[in-house]
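Engineer: Build me a model:
(chains A and B)
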Protein chains: 2
Amino acid sequence: MATTIAGIDLGGTKIFGAQVTLDGTGSGGTASIGTETKRSTPRSSVDDIVAAIAEVGGALDDHPPRVGLGTPGVVAPESGIVENAPNLAGFDRPVPLAELVSEAVAAPVAIGNDVNMAALGETRVGAAAGHDDVLAVWMGTGLGAGLVLDGRLRVGPNGLAGELGHTTVVPGGRRCACGGVGHVEAYIGRRALEASARERHANGEPTMLVDTAGDRPMKSKVFAKAYEAGDQVAMSLIDEGLDVLTIAIANVLVIADVTTVVLGGGLGERLADVAVERIGTGLADLHYAGAAPVIVEGSLGDHAGALGAAFHAVDSIGVR
Amino acid sequence: MATTIAGIDLGGTKIFGAQVTLDGTGSGGTASIGTETKRSTPRSSVDDIVAAIAEVGGALDDHPPRVGLGTPGVVAPESGIVENAPNLAGFDRPVPLAELVSEAVAAPVAIGNDVNMAALGETRVGAAAGHDDVLAVWMGTGLGAGLVLDGRLRVGPNGLAGELGHTTVVPGGRRCACGGVGHVEAYIGRRALEASARERHANGEPTMLVDTAGDRPMKSKVFAKAYEAGDQVAMSLIDEGLDVLTIAIANVLVIADVTTVVLGGGLGERLADVAVERIGTGLADLHYAGAAPVIVEGSLGDHAGALGAAFHAVDSIGVR
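Structural biologist: Residues are numbered from 1 along each chain as shown, chains lettered A, B, ... in the order given. The predicted structure is shown next:
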């Protein structure tokens, strides 16, 4: 029986919503998207962000029967409290986002980490459809990931499952923004790559990355163009970052026995061809047993999070 | 309702069986052990090993209603075919062990990797009882591990889940017996420790390890005594091995969001105090978020595998 859900993806710069109609659940389900809407994310307060989410929800459906919501940060699975989302105004302390949004829209809300939602979307109806054991790796500002096991999202008691960016791969290596040492996120993602590029530039190595970006943040496009042009600094940093990431992915294949890896995120989309090729070759050298994993680029683009949030709402709240 | 199962643990040197009565399933279940029996593992052929398992099963119950069996190696989850168990005679090629034992005992058989069975036993009624998200790390000849998520054993589509020993923690590091580079099992477990100790002894470093073991294999007791006596080679190798293992465990905490770590196995039991202390301290430095994990020594000893196999039989075949 078909059911309709407001799937909403809260990002640091925009809020995207889609009216999602799901027919069947689990790995055999299908999804179609009706009305879509988006607006910029308020940079003022938690209250304004909640009101904006409710506005997006209301634009999809006057009385949405239920809402699935993806958000940056770590989401506590029972309470729906969000932590570690510094890119959202007012989120420098824990925010009971599920409760606040549920009150604002007068409907039950299922909430999850944005990359976890994307992982679920890509597994159910995206690039990993038909696979039940999937790791989604999202390269953006940092490095996020989500884990689907036996067709279900692995959340974990602390909502931490899949935090691949904070696994240690280079003992004694670079310091991560979180304070850890040798974490994957210290090597790949826009923030880490930009910091390394500016350091090498300051030490006298010329690079298109700094020439193009100037004092502005380096966008994904800037990295992709410099890599394609053969810029030495861009190539060495990105290749090194992908090699570190490859080890981290191999470790997940061994620990969790997943069979499929989906790559996405802003930087991931721009570097998709390079990343699929380099990670695939690297895994063949590293992986210790079992069949070689399938490695694919995500296929849902900006819709992955909203679609996954809709599936998460059905998984969490049930169909009614 | 209580149900009785023949729980059998097939090892390289002995086969241990216990009549296990389970009352309730899942994390609230209890288990009691009735008749126990053991015999040595035949070193001749697959047929003889299967007959010996059937003999152990028959000593527990004339007509066992169902059998849970733990075995070394990688166990394919659907077929029950065992691979990579070189310590068992005739297991140098895939063996359909579940099918062979089921025919010999005329009862349904649920089969799993021996460390996975121990992980399940320790989670349901051992040192991790009351916890639902558990990593069990078994230090023996090599390094095995098992993963319990949301109270259920994670097996994975290839039966590989939890193979912590073959995660890469030291890029460019020591070569593992499997051919990989920088795997955890190249640093900890009797085989790796003995190889390193003999190499350092051959290079002129005196060590009790070689003095005590001579040309015989180094047993767990030998490592524990040398460590306690302050032998420099033993201490540096074991400390290094535990530090590498700590990184691997931290990575599982982050990837799978488990809350509890159980240490066991022959070497693990002998080094339990040192390992619990050193891994606990190391994790506090490495772990990036969430509460500090609980780290405990296994409490079921040689019974862990048979008890876990009984639970696995109920989980897999159902109560009837």
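Engineer: Excluding chain neighbours, what is closest to residue A:209?
Structural biologist: Residue nearest to residue A:209 in three dimensions, not counting chain neighbours: residue A:197, with 4.5 Å by CB to CB, 6 or more residues apart in numbering or on different chains. To be clear about C-beta, it is placed using only N, CA and C from the backbone, and glycine gets the same treatment.
Engineer: And the pLDDT at that neighbour?
Structural biologist: Here, the pLDDT recorded for residue A:197 equals 98.
Engineer: Spit out the contact partners of it.
Structural biologist: Neighbour list for residue A:197: A:207, A:209-210, A:218, A:233-234, A:237 [criterion: CB atoms under 8 Å, 6 or more residues apart in numbering or on different chains].
Engineer: switch the cut-off to 6 Å
Structural biologist: A:207, A:209, A:233 (CB atoms under 6 Å, 6 or more residues apart in numbering or on different chains).
Engineer: Check residue A:181 too.
Structural biologist: With the criterion set at CB under 6 Å, 6+ apart, residue A:181 makes contact with residue A:175.
Engineer: can you rerun that using 7 Å?
Structural biologist: A:172-173, A:175 (CB atoms under 7 Å, 6 or more residues apart in numbering or on different chains).
Engineer: Going by neighbour count, which of those comes out on top?
Structural biologist: Most neighbours among the contacts of residue A:181, by other CB atoms under 10 Å in any protein chain shown: residue A:173, with 17 neighbours.
Engineer: How much space separates it from residue B:65?
Structural biologist: Shown here: residue A:173 relative to residue B:65, a distance of 54 Å by CB to CB, to the nearest Å.
Engineer: hang on, residue A:247 packs against residue B:171?
Structural biologist: Yes: with contact defined as CB atoms under 7 Å, residue A:247 and residue B:171 form a contacting pair (6.2 Å).
Engineer: Which residues of the stretch 151-300 of chain A lie near chain B?
Structural biologist: A:154, A:156-158, A:160-164, A:166-171, A:178, A:180, A:247, A:250-252, A:254-257, A:259, A:286, A:288-290 (CB under 7 Å from any CB of the partner chain).
Engineer: Pull up the distance across stretch A:35-55, start to finish.
Structural biologist: Distance across stretch A:35-55, first residue to last, is 14 Å (CA to CA, to the nearest Å).
Engineer: picking up where we left off before, any idea which element the residue nearest to residue A:209 lies in?
Structural biologist: In the assignment (DSSP states H and E), residue A:197 maps to helix A:190-202.
Engineer: tell me which residues in the next helix or strand after that helix are buried?
Structural biologist: Next along the chain after helix A:190-202, taking DSSP H and E as the criterion, comes helix A:208-213. For helix A:208-213, burial by neighbour count (16 or more other CB atoms under 10 Å in any protein chain shown) applies to A:208-210, A:212-213.
Engineer: re the thing from before, tabulate the contacts of residue A:197 in a markdown table, adding columns for pLDDT and distance to residue B:149.
Structural biologist: Compiled in a markdown table, the contacts of residue A:197 are given as follows (pLDDT from 0 to 100; distance: CB to CB, whole Å):
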| residue | pLDDT | distance to residue B:149 |
| --- | --- | --- |
| A:207 | 98 | 44 |
| A:209 | 98 | 41 |
| A:233 | 98 | 41 |
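Engineer: Need those in TSV (columns: distance to residue A:31).
Structural biologist: Listed next are the contacts of residue A:197 as TSV, based on distance: CB to CB, whole Å:
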residue	distance to residue A:31
A:207	42
A:209	38
A:233	42
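Engineer: residue ranges of the helices in chain A, please?
Structural biologist: A:46-60, A:97-105, A:114-125, A:190-202, A:208-213, A:220-228, A:232-256, A:266-270, A:272-286, A:304-317 (DSSP state H).
Engineer: Tell me which of these sits most buried.
Structural biologist: helix A:114-125 (a mean of 30; mean count of other CB atoms under 10 Å in any protein chain shown).
Engineer: Now do that one, average pLDDT.
Structural biologist: 96.
Engineer: angle of it against helix A:304-317?
Structural biologist: 80 degrees (axes from the mean of the first three to the mean of the last three CA atoms, to 10 degrees).
Engineer: do helix A:114-125 and chain B meet?
Structural biologist: No: Helix A:114-125 stays clear of chain B (CB under 7 Å from any CB), getting no nearer than 11.2 Å.
Engineer: helices or strands next to that helix in the packing?
Structural biologist: strand A:67-71, strand A:134-139, strand A:143-149, strand A:152-153, helix A:304-317 (3 or more CB pairs under 7 Å, 6 or more residues apart in numbering or on different chains; DSSP states H and E).
Engineer: Pipe these into CSV and attach mean pLDDT per row.
Structural biologist: Below are the helices and strands packed on helix A:114-125 laid out as CSV (pLDDT from 0 to 100):
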stretch, mean pLDDT
strand A:67-71, 97
strand A:134-139, 98
strand A:143-149, 97
strand A:152-153, 96
helix A:304-317, 92
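Engineer: How about the residues of the stretch 1-150 of chain A by chain B?
Structural biologist: A:74, A:133, A:149.
Engineer: Would you agree the second one is in contact with residue B:157?
Structural biologist: When you say that, I think you mean residue A:133. Yes: counting by CB under 7 Å, residue A:133 does reach residue B:157; the two are 5.5 Å apart.
Engineer: Now list whatever residues contact both of these two.
Structural biologist: A:257, A:259.
Engineer: what about those two, which has more around it?
Structural biologist: Taking neighbours as other CB under 10 Å, residue A:133 and residue B:157 compare with residue A:133 leading, 23 against 19.
Engineer: now residue A:187: how far from residue A:295?
Structural biologist: 19 Å.
Engineer: These two: who's more crowded?
Structural biologist: More crowded of residue A:187 and residue A:295, by other CB under 10 Å: residue A:187, with 26 against 20.
Engineer: what's the more buried one in contact with, if anything?
Structural biologist: So residue A:187 contacts A:174, A:240-241, A:244 (CB under 7 Å, 6+ apart).
Engineer: Residue A:38: which of the residues you listed is nearest?
Structural biologist: Distances from residue A:38 to these, taken as CB to CB, are shortest for residue A:241 (30.2 Å).
Engineer: these two touch, right, the closest one and residue A:186?
Structural biologist: No: the pair residue A:241 and residue A:186 does not pass the contact test of CB under 7 Å, sitting 9.2 Å apart.
Engineer: how is chain A carved up into domains?
Structural biologist: A:2-120+A:302-317, A:129-299 (automatic domain parsing).
Engineer: Can you give the distance from the last one to the centre of its chain?
Structural biologist: Just to be clear, that refers to domain A:129-299. Centroid separation for domain A:129-299 versus its chain: 12 Å, with CA atoms, centre = their mean, to the nearest Å.
Engineer: Grab the nearest non-local neighbour of residue A:169.
Structural biologist: Here the residue nearest residue A:169, using CB to CB, 6+ apart, is residue A:247, at 4.8 Å.
Engineer: swap that for residue A:161, please
Structural biologist: residue B:257 (4.0 Å).
Engineer: what about the one you found, how many residues close to it?
Structural biologist: Residue B:257: 23 neighbours (other CB under 10 Å).
Engineer: Now do the same contact list for it.
Structural biologist: Going by CB under 7 Å, 6+ apart, the list of residues near residue B:257 reads A:156-158, A:160-161, B:133.
Engineer: And residue A:21, by the same measure?
Structural biologist: Residue A:21 neighbours (CB under 7 Å, 6+ apart): A:2, A:4, A:31-32, A:34.
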